[in-house]
Structures are given as structure tokens and as C-alpha cells.
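# no sequence on hand, only this structure:
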């Protein structure tokens, strides 16, 4: 379960198929991510996390390259 933005970064860092993987997060995590204008660096490349609203305060997080 994702409880912090560090957990979200780690989820994609250790994912075996990060570009086809996703995780659901709550609005609190998404808001914190967006307010901090976060990016993540994996193997020397910068990535951003995209969010899609699934309703009810749940967001689908996926990773995309910059």
C-alpha cells in the first residue's frame, strides 16, 4: 500500500515492467506529488508519474519518460 510519495517512487523503481505497471493511490498522495512538482530518477533517466482519476478519491498512477 502506498502511504507516502517515497513509497510511490520506490514502487516504480523496483517494478519489473514499470512502463506497463500501475498502482492506485489516494488523492492525498497525488496532491502531495503535484504540489512538490516531483519527478523520479531511475537508472539515470528522469521520469514523471501521470495520474488518471478513477473516481471516489482514487487515482491510477503510471510512469512516463520526459
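It's in. Remember, predicted model here, so these are calculated numbers, not experimental data.
# ends of stretch 18-34, how far apart?
Across stretch 18-34, the terminal residues are separated by 20 Å (Cα to Cα, to the nearest Å).
# what mean pLDDT does it get?
What stretch 18-34 shows for mean pLDDT is 92.
# what does that stretch contact?
2-5, 8, 11-12, 15, 42, 49, 51, 54, 57-63 (Cβ atoms under 8 Å, 6 or more residues apart in numbering). (C-beta placed from N, C-alpha, C; glycine too.)
# could you flag which of those residues are buried?
For those, a neighbour count by 16 or more other Cβ atoms under 10 Å gives the buried set as 2, 5, 8, 11, 12, 49, 51, 59, 61, 62, 63.
# so which of those residues belong to strands?
49, 51, 59, 61, 62, 63 (DSSP state E).
# turn those into JSON lines, including pLDDT.
Below are those laid out as JSON lines (pLDDT from 0 to 100):
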{"residue": "49", "pLDDT": "88"}
{"residue": "51", "pLDDT": "94"}
{"residue": "59", "pLDDT": "96"}
{"residue": "61", "pLDDT": "94"}
{"residue": "62", "pLDDT": "94"}
{"residue": "63", "pLDDT": "90"}
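# dump these to a markdown table, plus distance to residue 19.
Converted to a markdown table, these look like this (distance: Cβ to Cβ, whole Å):
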| residue | distance to residue 19 |
| --- | --- |
| 49 | 12 |
| 51 | 16 |
| 59 | 18 |
| 61 | 13 |
| 62 | 8 |
| 63 | 7 |
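# biggest separation within those residues, which pair?
59 and 63 (13.5 Å; Cβ to Cβ).
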